[in-house]
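Trainee: from the sequence below, what's the structure:
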Amino acid sequence: MSIAHSPTVRLRRLARELRRMREGTGISPEGAAAQLGWSRSKVSRIETGRTRASPTDVAQICDLYGTDSSTRAALIQLAKEVRRRGWWTAYADVFTGSYVGLEDEAALIRQWEVQLVPGLLQTEDYARTVISTVRPELHDPADIDRRVMARMARRTLLSRAKAPHLHAVVDEGVLRRQIGSREVMYGQLEALITAARRPNVTIRLLPYSVGVHAGLEGAFTILSFPDELDPDVAYVESTAGDVYVESSEQVERYTVAFERICDVALSPEHSIGLIADAKEQLHD
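Mentor: Below is the predicted model:
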């Protein structure tokens, strides 16, 4: 599925509102489909965000449910906004899931990372080393360059107007595992220290001394959005495929895990001190 057709925050919101409106009228999905002249699957796909409802589709739905004029106009406008192309569509061959579209609209990004520096904080050289190592099938240097360019474009999220807040907690092993040459790793650690000075970036480290902790099952990210009506999304990336968790109970599980990790992580100040020590050790 191309990112251009992946669910975004607006699409999720529209789908949720259309489903809520139908349920409020007591009309079943089958009944709605019959009265609209659609298939049952079309109603389901629209209400789950798997299909983008056109403004005309939304107008028909609103007419069927007897929606007031102001709500009707707002939902039709939302349907138009859903069809906008984000910056990431220029890299549709690289970003093949919906994560970047969701990340782009987040107000708060909470991330627990075990193996690598979070993507939003990676330097170009560090990213190039990671991508060329984990994607051995990319034999053409141009393909690697394109993926690095895409990651650097994504990184600008943190410096734009109304940038989200990134709260990243990383395992101490991320500092100790040398990725690339000593120069590459030194530059990456220096970039982390610089990033931590941003008012919208918090970096904390989980030291080896903690031992057993709540993040042992692996890395994850929780995205929160400006509108309180948009529920949080938890995201887990793996070689087997990406997983998006949206049920409130499951997201709460990740939220509690992140809070427990934070409870035993170093403070931002002590974390920066540890990063600085690791950086200096590369010169020894």
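
Trainee: what's the helix or strand of the chain with the lowest mean pLDDT packed up against?
Mentor: Within the chain, confidence by mean pLDDT, DSSP states H and E is lowest for strand 243-245 among all helices and strands, at a mean of 85. The contact analysis (3 or more C-beta pairs under 8 Å, 6 or more residues apart in numbering; DSSP states H and E) places strand 243-245 against strand 233-236. The C-beta positions use only the backbone N, C-alpha and C, and glycine is treated the same way.

Trainee: can you list the buried residues in the strand it packs on?
Mentor: V233, A234, Y235 (16 or more other C-beta atoms under 10 Å).

Trainee: cool, stretch 269-281 as well?
Mentor: In stretch 269-281, counting by 16+ other C-beta under 10 Å, buried: S271, I272, I275, A278, K279.

Trainee: and what of stretch 86-94?
Mentor: Buried-residue list, stretch 86-94, by 16+ other C-beta under 10 Å: W88, T89, Y91, V94.

Trainee: repeat for stretch 97-116
Mentor: By neighbour count on 16+ other C-beta under 10 Å, the buried set for stretch 97-116 is 97-106, 109-114, 116.

Trainee: so where do the strands sit in the stretch 151-284 of the chain?
Mentor: 165-171, 201-206, 220-224, 233-236, 243-245 (DSSP state E, counting those that start in this stretch).

Trainee: what lines up beside the shortest one in the sheet?
Mentor: Yep, that's strand 243-245 we're talking about. strand 233-236 (antiparallel) (DSSP bridges).

Trainee: got the confidence number for S6?
Mentor: According to the prediction, S6 has pLDDT 45.

Trainee: from Q60, how far off is R10?
Mentor: Distance, R10 to Q60, by C-beta to C-beta, to the nearest Å: 19 Å.

Trainee: the two: who's more crowded?
Mentor: R10 (20 against 16; other C-beta atoms under 10 Å).

Trainee: pretty sure that one contacts L78?
Mentor: Yes - if you go by C-beta atoms under 8 Å, R10 and L78 touch, sitting 5.9 Å apart.

Trainee: where do the contact lists of the two overlap?
Mentor: With contacts defined as C-beta atoms under 8 Å, 6 or more residues apart in numbering, no residue is shared by R10 and L78.

Trainee: per-residue confidence at the spatially most central residue of the chain?
Mentor: Central residue of the chain (C-alpha atoms, centre = their mean): E103, 3.7 Å from the mean position. Per-residue pLDDT puts E103 at 92.

Trainee: how about F95?
Mentor: 84.

Trainee: export the strands of the stretch 151-284 of the chain to JSON lines and append columns for distance to I261.
Mentor: Shown next, in JSON lines, are those (distance: least, C-beta to C-beta, whole Å):
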{"stretch": "strand 165-171", "distance to I261": "5"}
{"stretch": "strand 201-206", "distance to I261": "6"}
{"stretch": "strand 220-224", "distance to I261": "10"}
{"stretch": "strand 233-236", "distance to I261": "14"}
{"stretch": "strand 243-245", "distance to I261": "17"}
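
Trainee: I'm done for today, thanks for sticking with me.
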